[in-house]
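A.B. asks: sequence and predicted model, in that order:
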Amino acid sequence: MASSPPYPPYPGAAPGSTLRHPHWWQRPAVRYGAVVTLLALSGLVILALVREQTGTQGFLVGLGLAVLPVPLLLAAFRWLGRVEPGPWRNLLFAFAWGACAAALIAIVANSFATRWIATTTADPAGADTLGATVIAPVVEETAKAAAVLLLFLFRRRDFHGILDGVVAAGFTATGFAFTENVLYLGNAFGTDQLTGGSGIASVTAATFFVRIVMSPFAHPLFTVLTGIGFGAAALAADRQRVRRVLLPLAGLLLAMGMHALWNGSATLGQFGFIAVYGAFMVPTFGLLTWLVVWTRQRELRTVRTELPAYAVAGWLRPAEPFALGSMRARRLARKFAREHGGKPAARTVAQYEAYATQLAFLRHRGRAGKAGADFVTRERELLLELWHRRGAARPALEHAARLTAPPVPYGAGWAYGPMPAAWPAQPPYPAYGENPYRR
């Protein structure tokens, strides 16, 4: 077996820390068990509460209608995170937290606070308005932000920047909105059952139009502001503790403010709602969409900028930095691997792309002086992960680079970065057109 190349020099790297045996409560099995148990119990309780309020028939109708935007929203957030896709277990946790734990916290806390205000002030109508415009935004955004905070603290290796915060917040808010829509649509159906409403003029149709057609992005939009705050904090150096605390708090406050504005628009009448929707919600949605797409392109540029150092050291083939910095080339590489080696080969290439992206981000933080004390250890782990998958990934990425590389004028030089005097010796590489996955 070929030996691995030397590690590229990094003068700012600090030695790895000494490993310590974790306490019993720090073991992965204990943590996973506690999280699964908490989410399962929350799910059972929220299911019982929603069914009690809507009835069985209303619950089923609400469930069928509320699920419609969920795949589209999840696919959109997953697409945003394709540059460095996080583990599915993190995303499933975020969605489950939003749909179960955060929804349960919101229902219980909102009901308790609204009843307490109504009893104290003897003004039920005012209590409902105050609960919708003040209590609900604070409680709900805090409950949803807890999922992003947990991922930020306990899945730090998977949380590197703004897009990671956006994706985590988006999955959490989508789960929360799903449960809330089941409740609202189920209650609307129950109202129609009592009043005899049906068709377009029914309460169910109106609720569906407002919550599913016009504003399926409302809750994700609010919580994404919190996610951006956590993502910006992840980009800060470890020594910048004040910044790492203030940025998430600022994002959370913005989420609460936008949520309060949206809920308050319902008290301004039909035109007030339309004004808030057109003047604030749609422009904010467009601005945040531009921001995350721009961030996505910037991350791809980071990959193309940082990885050539590892190509010079022999860890990557010369064309790989270019291919890994292009989403089209990545897609072609996975397609090539799937056609020649099946799904396992395509999965290996996808893992290779993810590890290479993490490596580029790690080196970028190191160059900016923001890498932690475990830089060398983490770099070594990522390089070895790439080395173990090079047999399947390199032919696919070379193929993708050939298809996507821009034309280079004669005499312009090497297209993928600085040409070294001599490339390090590489293991045997299959000729173009040969099936590298044939055993």
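C.D. replies: Nice, thanks for sending it over.
A.B. asks: let me know the next secondary structure element after the least confident helix or strand in the chain by mean pLDDT.
C.D. replies: Here the helix or strand of the chain ranked lowest by mean pLDDT, DSSP states H and E is helix 269-276, holding a mean of 79. Elements were assigned by DSSP states H and E; along the chain past helix 269-276, the next helix or strand is helix 282-306.
A.B. asks: tell me the buried residues in that following helix?
C.D. replies: 284-285, 288, 292, 295-296, 299-300, 302-306 (16 or more other C-beta atoms under 10 Å). C-beta here means a position set from N, CA and C on the backbone, and glycine is covered the same way.
A.B. asks: show residues contacting that helix.
C.D. replies: 80, 83-84, 161-163, 166, 217, 221, 224-225, 228, 258, 321-322, 324-327, 356-357, 359-361, 363-364, 367 (C-beta atoms under 8 Å, 6 or more residues apart in numbering).
A.B. asks: what residue ranges in the stretch 151-300 of the chain score low on pLDDT?
C.D. replies: 270 (pLDDT under 70).
A.B. asks: what sits closest to Ala83 if chain neighbours are left out?
C.D. replies: Careful, residue 83 is Val; it's not Ala. Closest residue to Val83 apart from its sequence neighbours, by C-beta to C-beta, 6 or more residues apart in numbering: Glu299 at 4.7 Å.
A.B. asks: how near is that neighbour to Ala237?
C.D. replies: 19 Å (C-beta to C-beta, to the nearest Å).
A.B. asks: which elements pack onto the least confident helix or strand of the chain?
C.D. replies: For helix 269-276, the elements it packs on are helix 241-264, judged by 3 or more C-beta pairs under 8 Å, 6 or more residues apart in numbering; DSSP states H and E.
A.B. asks: centre of the chain versus the helix it packs on, how much separation?
C.D. replies: Distance, stretch centre to chain centre, for helix 241-264: 18 Å (C-alpha atoms, centre = their mean, to the nearest Å).
A.B. asks: kindly report the same for stretch 62-71.
C.D. replies: That offset, for stretch 62-71, works out to 20 Å (C-alpha atoms, centre = their mean).
A.B. asks: over to stretch 313-328?
C.D. replies: 24 Å.
A.B. asks: also stretch 255-272?
C.D. replies: 27 Å.
A.B. asks: thinking again about what came up before, for the buried residues of helix 282-306, which one is nearest Ala145?
C.D. replies: Leu288 (16.4 Å; C-beta to C-beta).
A.B. asks: hmm, back to that, emit the PyMOL select command for whichever of the contacts of helix 282-306 are buried.
C.D. replies: Here is the PyMOL selection string for the buried members of the contacts of helix 282-306, based on 16+ other C-beta under 10 Å:
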select buried, resi 80+83+84+161+162+163+166+217+221+224+225+228+258+321+322+324+325+326+327+356+357+359+360+361+363+364
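A.B. asks: now, which of the contacts of helix 282-306 lie within helices?
C.D. replies: Under the assignment DSSP state H, those contribute 80, 162-163, 166, 221, 224-225, 228, 258, 321-322, 324, 327, 356-357, 359-361, 363-364, 367 to helices.
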